[in-house]
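Undergrad: Could you look at this predicted model? Sequence included:
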Amino acid sequence: MPEQAPKVRKLSGHIGAEISGLDLARLDDREFKRLHDLFLEHQVLVLRDQTLTRDQHIALGKRFGELHVHPMAKGPEGYPEIFPIEAGANSTNDPKAIRAGKKAVNGGHWHSDVSCDPEPPLGSILYLREVPEFGGDTLFSSGYAAYEALSPAMQNFLEELTAVHSGEATYRLHYGDQRAQDRSRFGIKSETPYPEALHPVVRCHPETGRKSLFVNRGFTREIVELGHAESQALLEFLYRHQETPEFQVRVQWTANTVTLWDNRCTQHRAVFDYAGQVRRGERVTVKGDRPEPVLRHESLPWALAGA
Ligand SMILES: [Fe+2]
């Protein structure tokens, strides 16, 4: 059979591409390299009509790197690396209703996956097998585009700052009053009941060298170097800035769509506008590294080349 390059259709000006002509269950090395390059370039990739077994899904994740295990959500029996996504008739995004016993939907507010971990995931691979008749789209926003749209004075100011990311508020609501699961066998230390970490407000992407804003409503709590009121005002500004539609792509799911996102330079929100319907699938999450602030990278080759 003649080799055919996958087709790439950009979905917006700054982020996202739909890829066709690749079967994620059986990528040869050349195809995986192409997928990986596209992942770095577009930040979010959408591939439709895929058929992946759980083992194939895990194997795909492992080609990007070691897998991440969620601090709170337990995977299906024998699959700790699988993060189940399951919304049904009893699901809600309303904190009051969740406290009263309804099931919380996943990712209903802007966040970067598990940014409260000291080494947040590199990326996620979400495979939705069952989708609602309407609604349930996922919005993704580019941290590159958000950073690049700021004035040089604001960029310089933000590059000096560090933020506290905490899982407590979100995870207490979603998983009840329980401690993080023991992840020691995966080399992850959990010294606090809920994961917490300090990260630079602007991080330097370890593979592209590009700068990205790295704060999100779901997990970021405070900017360490500022007073509380200053911190809250600046974070609110940054959240709203990142929510600018021009920095976003909106992914409309169909059954058996796989979406991969680079968690180091994007954040996302699953829109909950499908109450009463089923939205079901599984996520495999790839381990990332400790976010690097911008200044430490100034002597690296990409910085010297002005890339
Ligand atoms: Fe998420």
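TA: Ah, there it is.

Undergrad: any idea which element Ala229 lies in?
TA: Using DSSP states H and E, Ala229 sits within helix 228-242.

Undergrad: for Gly135, that is, sorry about that
TA: Judged by DSSP H and E, Gly135 forms part of no helix or strand.

Undergrad: all strands of the stretch 101-250 of the chain, in order?
TA: For the stretch 101-250 of the chain, the strands defined by DSSP state E, counting those that start in this stretch occupy 103-104, 123-130, 138-142, 162-166, 196-200, 202-204, 211-213, 220-223, 248-251.

Undergrad: Just give me the neighbour total for the closest residue to the ion within the stretch 1-150 of the chain.
TA: Closest approach of the stretch 1-150 of the chain to the ion (CB to the ion) occurs at Gly107, with a separation of 3.7 Å. Every residue, glycine included, has its C-beta placed from N, CA and C. Close neighbours of Gly107, defined as other CB atoms under 10 Å, add up to 21.

Undergrad: Phi, psi for it please.
TA: Phi and psi for Gly107, reported as degrees, to the nearest 10, are phi 70, psi 30.

Undergrad: again, but for Ser112
TA: phi -110, psi 130.

Undergrad: which residues does it contact?
TA: Contacts for Ser112 were tallied using CB atoms under 8 Å, 6 or more residues apart in numbering; they are 120, 214, 216, 218-219, 263, 266-268.

Undergrad: quick one: which of those is nearest the ion?
TA: The ion lies nearest to His268 out of the contacts of Ser112, by CB to the ion, at 5.7 Å.

Undergrad: quick one: the residue nearest to Val294 when sequence neighbours are not counted and Arg280, what's the gap?
TA: In space, and not counting its chain neighbours, Val294 is closest to Glu159: 4.6 Å by CB to CB, 6 or more residues apart in numbering. The gap separating Glu159 from Arg280 is 41 Å, by CB to CB, to the nearest Å.

Undergrad: Write out the residues of the stretch 201-307 of the chain neighbouring the ion.
TA: Within reach of the ion by CB under 5 Å from the ion, the stretch 201-307 of the chain has no residues at all.

Undergrad: In the stretch 201-307 of the chain, where is pLDDT below threshold?
TA: By pLDDT under 70, the low-scoring segments of the stretch 201-307 of the chain are 295-307.

Undergrad: Name the residues of the stretch 51-200 of the chain found near the ion, please.
TA: With CB under 5 Å from the ion as the criterion, the stretch 51-200 of the chain meets the ion at residues 107, 113.

Undergrad: Of the strands of the stretch 101-250 of the chain, which is nearest Ser12?
TA: Of all those, strand 248-251 sits nearest to Ser12, with 4.3 Å by CB to CB.

Undergrad: Give me the contact list for the next helix-or-strand element following the closest one.
TA: For strand 248-251, the succeeding helix or strand toward the C-terminus, using DSSP H and E, is strand 257-262. Identification of contacts with strand 257-262 by CB under 8 Å, 6+ apart yields 24, 39-40, 43-50, 52, 122-128, 131, 138, 140, 251, 253, 268.

Undergrad: Which members of these are classed as buried?
TA: Neighbour counting by 16 or more other CB atoms under 10 Å classes 24, 39, 43-47, 50, 52, 122-128, 131, 138, 140, 251, 253, 268 among the contacts of strand 257-262 as buried.

Undergrad: Summarise which helices and strands the helix or strand where Ile85 lies is packed against.
TA: Secondary structure from DSSP H and E places Ile85 in strand 82-87. The contact analysis (3 or more CB pairs under 8 Å, 6 or more residues apart in numbering; DSSP states H and E) places strand 82-87 against helix 54-64, strand 279-286.
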